[in-house]
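[1] give me a 3D structure for the following:
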Amino acid sequence: MNHTRRTFLASGLAAACVVGGSASSIADEPAQIDGLIVLDYGRSFICNTADFNRVRFWVESRTVLIDGETRTEFYQCGSCKSENTFGEKDLFYADNYDFLPILGDGHWLVFRRTARLNPNYRGIKKVEEVWGPPLLKLREAKKVTVLDTWEKIRDVTAAAVPIVSRTELADEQSGLKAIIEAPVKTLNISIPKQMYQVDTGPIAYPDLSQRFEPRVDCLRLAFVAFNAPNFADFIVEQPTAVVEDEVEKCQIHHYSKPFSKPAKNSLLAVEDA
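    Residues are numbered from 1 along each chain as shown. Below is the predicted model of the structure:
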C-alpha cells in the first residue's frame, strides 16, 4: 500500500486496527519530520475492545518497517506483571513474569520474561484472538523542534522538555529500512566535552536481514544508545548465560552482546503548541 505524507499515520496498520473511530487524534497541523508525524508519547495509547478485558496499553515506542513503498507501523507498549486479572485476591501470580506486547500488521507479539529461560518467551497471535480489534488512540505532536546542535540538545535537556529520538536503519542486501522512534528517558550531557548520549528503551529492534511472515516477527526487545548522528549501539534481550567463577550456572533472558550499526540519528523536542 502506498502512503502519502498526510495519510501515513491514518493508513496501513492504523486503519486496519481501528474500530469505530479515526486512527489518531488529528491536529490541525500535526508536526512532521521527513514525512513522518511525530507522536506525543505521554498521551498515546492502544485501547482494546473485548468485553472480558478492554485493556489499555501505553505506547512506549514505535518502529516503522519500510519495504519499498510499503510502510508498516509497530507499537511497542509499556510492560506489566503477570496478574490474576479481576480476581478477588492474590492479584499477582506467585510464579511471576514480565509481560510486554507489541502491536503491528494485525498481530500482537507478546514477550513473557520469567525468572528462568522460558521456551514461550515470544508469542504471536492475531488481534481478534486476544483482546478484540484495537483502537489506536495516538496523539500527534503539534510543535516539534529538530535539535541539530549540541547547544540545542543541552538547553532543551536542562529545560525538561520532552525529547523524542529517531534512529533510521537500512540493510543493503534485503533492501529493507526502518525508523525507530522513542521518547528519550535518559539523556547524558557533558559540559566539558560538549557531548550528549542517549540511552533509552526498551524499543522494538527490527531484524532487517530478511522478510518475516508475519512481519511483526522481525522485532526483538532492545535498548539503543548514541552520541553522534551516524551510528547507534544496541543491546538486545536474548538467552544469556549466568556465569559464576567461570562456570555457567544457567541461562536467562537478559540484555547482552551489544553491537553497533550505521544509522541516521536525530533528536526532536516536543513542546506544547
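[2] which residues pair with residue 56 across the strands?
    residue 47 (DSSP bridges).
[3] and for it, the neighbour number?
    Number of residues near residue 56 (other Cβ atoms under 10 Å) recorded here: 13. C-beta coordinates here come from the backbone N, C-alpha and C atoms, glycine included.
[4] list the contacts for it?
    Residue 56 makes contacts with 45, 46, 47, 48, as judged by Cβ atoms under 8 Å, 6 or more residues apart in numbering.
[5] elements contacting the longest helix along the chain?
    The residue-count maximum for a helix in the chain (DSSP state H) belongs to helix 150-158. With contacts taken as 3 or more Cβ pairs under 8 Å, 6 or more residues apart in numbering; DSSP states H and E, helix 150-158 sits against strand 187-190, strand 195-206, strand 264-271.
[6] strand partners of the shortest one, parallel vs antiparallel please.
    Using DSSP bridges, the strands paired with strand 187-190 in its sheet are strand 195-206 (antiparallel).
[7] I'd like to know which of the helices and strands packed on helix 150-158 lies nearest to residue 164.
    Nearest to residue 164 among the helices and strands packed on helix 150-158 is strand 264-271 (4.6 Å), distances taken as Cβ to Cβ.
[8] what are the contacting residues of that closest one?
    Contacts of strand 264-271 (Cβ under 8 Å, 6+ apart): 31, 33, 38, 40, 141, 143-148, 152-153, 156, 161-168, 184, 196, 198, 226, 228-232.
[9] how far does that strand sit from the chain's center?
    15 Å (Cα atoms, centre = their mean, to the nearest Å).
[10] how about stretch 189-204?
    18 Å.
[11] buried sites along it?
    196, 198, 199, 200, 201, 202, 203, 204 (16 or more other Cβ atoms under 10 Å).
[12] would you format these as TSV with pLDDT included?
    Formatted as TSV, these follow (pLDDT from 0 to 100):
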residue	pLDDT
196	98
198	98
199	97
200	96
201	96
202	97
203	98
204	98
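[13] dump those residues into JSON lines; add distance to residue 242 as well.
    Compiled in JSON lines, the buried residues of stretch 189-204 are given as follows (distance: Cβ to Cβ, whole Å):
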{"residue": "196", "distance to residue 242": "34"}
{"residue": "198", "distance to residue 242": "29"}
{"residue": "199", "distance to residue 242": "23"}
{"residue": "200", "distance to residue 242": "26"}
{"residue": "201", "distance to residue 242": "21"}
{"residue": "202", "distance to residue 242": "21"}
{"residue": "203", "distance to residue 242": "25"}
{"residue": "204", "distance to residue 242": "26"}
